[in-house]
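Colleague: the following block contains a protein sequence and its predicted model.
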Amino acid sequence: MFQLNTSYDRTDIQSTIGGGMNDYLPHKNRQVVGICMRPDQHPDAPDILLIGANERVYQWACVFCNQRFPIPAFVREDGDLWRYVGPLFAEAWTENRAEIGIHQLRSGRADIRRVVFLMRFDDPRFKLGG
């Protein structure tokens, strides 16, 4: 499907996984099918995904956090290219105001509603079903 550390444009990504061209959590058939993170909005990408206050995005973030299976993840590079960083899933998440405050300071964003901690499918800490 995708090669690790290879860059793709959003057309290539969308034609492979589906979902919206401009969504950072593209979704299809009631599932989130990918993650597209911009470093200016997600400075700790690909390890941490910051979810803003937009209700639609928040709802899809909740879907993603409950899926419990990895999906293709990309980090934006210069221009319109997105580097594939592997299959990631939500290891944990928080809406704790103190934790959010830390990430607001790091990112310069005031709209963070949820912090999602991501894990690669091939991480040795990953255990299927556990």
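Modeller: Okay, I see it. Numbers count the residues shown, from 1 in each chain.
Colleague: what about the residue nearest to D44 when sequence neighbours are not counted, distance to T11?
Modeller: Closest residue in space to D44, ignoring its immediate chain neighbours: R106 at 7.2 Å, by Cβ to Cβ, 6 or more residues apart in numbering. Every C-beta, even on glycine, is put in place using the N, C-alpha and C of the backbone. Here the distance between R106 and T11 works out to 31 Å (Cβ to Cβ, to the nearest Å).
Colleague: the residue nearest the centre of the chain pairs with what?
Modeller: Compute the mean C-alpha point of the chain, and by Cα atoms, centre = their mean the closest residue is I35, 3.8 Å away. According to DSSP bridges, the partner residues bridging I35 are A73.
Colleague: all helices for the protein, in order.
Modeller: With helices called from DSSP state H, the chain shows them at 10-17, 55-67, 97-107.
Colleague: so what's H103 up against?
Modeller: The contact partners of H103, taken as Cβ atoms under 8 Å, 6 or more residues apart in numbering, are 44, 48, 50, 109, 112, 115.
Colleague: distance-wise, check it relative to Q67.
Modeller: When distance is defined by Cβ to Cβ, H103 is 22 Å away from Q67.
Colleague: what's the answer for Q59, then?
Modeller: According to Cβ to Cβ, Q59 stands 13 Å off from Q67.
Colleague: select, out of the helices of the chain, the one closest to L81.
Modeller: Checking these against L81 by Cβ to Cβ gives helix 10-17 as the closest, at 9.1 Å.
Colleague: can I get the closest one in PDB, CA atoms only?
Modeller: Output for helix 10-17, consisting of C-alpha atoms alone and laid out as PDB, is shown next (Å, rounded to 0.1, in the frame of the first residue of the first chain):
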ATOM      1  CA  ARG A  10      -3.200  14.000  -1.000                       C
ATOM      2  CA  THR A  11      -4.600  12.700  -4.300                       C
ATOM      3  CA  ASP A  12      -2.500   9.500  -4.000                       C
ATOM      4  CA  ILE A  13      -3.500   9.100  -0.300                       C
ATOM      5  CA  GLN A  14      -7.200   9.700  -1.000                       C
ATOM      6  CA  SER A  15      -7.400   7.400  -4.000                       C
ATOM      7  CA  THR A  16      -5.800   4.600  -1.900                       C
ATOM      8  CA  ILE A  17      -7.600   5.000   1.500                       C
END
